[in-house]
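In: I'll drop the sequence and a predicted model, then ask my questions.
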Amino acid sequence: MARGQIGRVALVTGAAMGIGQAYAKRLAEDGADVVVVDRQAADATVELVNATGRQALAVRCDVGQPSEIDDLARQTQARFGRCDIVVNNAGIYPVQKFDDITFEDWRRVMSINLDSQFLIIKAFWPGMRERRWGRIVNQASDTFALNLTGFSHYISSKGGIIGLSRALASEFGEYGVTVNAIAPGLTRTPGTAGRDVKPGGPENVDEFAIASSHQSIKRVMVPEDLIGTLSFLASDDAAMITGQTIYVDGGHVRA
């Protein structure tokens with residue numbers, strides 16, 4: 001059943017599988033047409049969107065490349081003429097100790113996780129401002145609030161996303177555009193399912209078991225655990241919620 005997004009267009013990056021696919025499907029169920037963005041083919045996500053009766057536009061895009069984001073904006077405008085909801089979900093999750101991180105490694109993480117969000121918002125914010133309505137939801141991570149090793153570039157990028165979301169909320173609010181972040185806990189997806197070795201630790205340590213043991217709700221998270229929060233933040237019901245980071249991690253971060 002549609003939940004108030006009829007006539008709106010949503011864009012989700014990293015939408016070929018996992019969390020991004022779940023986000024795209026839920027927004028379509030809520031009534032939005034969806035631009036499905038990923039570096040790889042996203043046929044399965046397009047089918048899920050179309051099955052709800054909404055339209056899908058699949059765009060192959062490396063969000064680490066500014067020229068490809070420019071092309072994404074052109075294709076979105078040509079097909080739908082607008083974009084009302086931006087979900088910056090794409091990201092990479094490398095495991096490296098600080099001593100092993102090169103500047104090239106650092107810049108790759110920043111370009112995909114943080115720079116891409118800046119560029120995509122730059123591309124679609126003007127239309128939201130003109131229409132005086134928009135929802136921007138940026139994917140952060142609960143690792144920003146945890147004591148972890150092996151992720152200094154990743155955690156830094158996610159901290160930047162939290163800061164960007166708060167800063168833009170201050171600038172965009174008067175135009176009816178909200179900017180929030182979702183900070184998931186470790187979520188089992190096709191992209192993370194192989195992470196059964198803790199960085200720097202013994203082999204065959206199940207990271208999912210470790211994470212869930214520290215949560216208040218002691219089970220492994222899946223993408224469906226995140227879609228309700230995304231759906232709400234993208235809706236009219238969340239019109240007065242902006243600049244917030246919502247931790248959806250089973251209570252891992254409680255302080």
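Out: Thanks, I have the structure now.
In: any idea how far Ile227 is from Val12?
Out: Remark: distance between Ile227 and Val12 (CB to CB, to the nearest Å) = 11 Å. No exception for glycine: its C-beta is placed from N, CA and C like everyone else's.
In: again but with Val46, I slipped
Out: 12 Å.
In: Pull out the buried positions in stretch 123-141.
Out: 123-125, 127-129, 133-141 (16 or more other CB atoms under 10 Å).
In: go on, stretch 5-17?
Out: Of all the residues in stretch 5-17, those buried under the rule 16+ other CB under 10 Å are 5, 8-17.
In: Repeat that for stretch 34-53.
Out: So, applying 16+ other CB under 10 Å, buried residues of stretch 34-53: 34-39, 42, 45-46, 48-49, 52.
In: Name the next helix or strand following the least confident helix or strand in the chain by mean pLDDT along the chain.
Out: One helix or strand of the chain scores below all others by mean pLDDT, DSSP states H and E: helix 207-214, with a mean of 82. Toward the C-terminus, helix 207-214 is succeeded by helix 227-233 as the next helix or strand (DSSP states H and E).
In: And the contacts of that following helix?
Out: Applying CB atoms under 8 Å, 6 or more residues apart in numbering, the external contacts of helix 227-233 come out as 3, 22-23, 25-27, 30, 87, 135, 137, 178, 180, 182, 238, 241, 246, 248.
In: If we use 10 Å, what do you get?
Out: For helix 227-233, the surrounding residues in contact (CB atoms under 10 Å, 6 or more residues apart in numbering) are 3-5, 10, 12, 19, 22-27, 29-30, 85, 87, 89, 135-137, 139, 178-184, 223, 237-238, 241-242, 244, 246-248.
In: which ones are touching Val253?
Out: By CB under 10 Å, 6+ apart, the contact list for Val253 reads 142-146, 183, 185, 214-215, 245, 247.
In: Most neighbours among those, please name it.
Out: Gly185 (25 neighbours; other CB atoms under 10 Å).
In: Tell me which residues touch the residue nearest to that one when sequence neighbours are not counted, please.
Out: Leaving aside its sequence neighbours, Gly185 sits nearest to Asp249 (CB to CB, 6 or more residues apart in numbering; 2.8 Å). Asp249 is in contact with 141-143, 145-146, 182-187, 211-212, 214-217, 221, 225-226, counting by CB under 10 Å, 6+ apart.
In: Longest helix in this structure, by number of residues?
Out: helix 152-172 (DSSP state H).
In: What's the first helix or strand after that helix?
Out: Counting by DSSP H and E, the next helix or strand C-terminal to helix 152-172 is strand 177-184.
In: Show me which residues of that next one are buried.
Out: For strand 177-184, by 16+ other CB under 10 Å, it's 177-184.
In: tell me the angle of that strand relative to helix 152-172?
Out: 160 degrees (axes from the mean of the first three to the mean of the last three CA atoms, to 10 degrees).
In: now Val49, nearest residue through space, not along the chain?
Out: Nearest in space to Val49, with sequence neighbours left out and distances taken as CB to CB, 6+ apart, is Ala56 at 3.8 Å.
In: From Phe118, how far off is Asp70?
Out: Distance from Asp70 to Phe118, by CB to CB: 14 Å.
In: typo on my end, Gly250
Out: 30 Å.
In: More neighbours: which of the two?
Out: Counting neighbours by other CB under 10 Å for Gly250 and for Phe118 shows that Gly250 has the greater number, 21 against 16.
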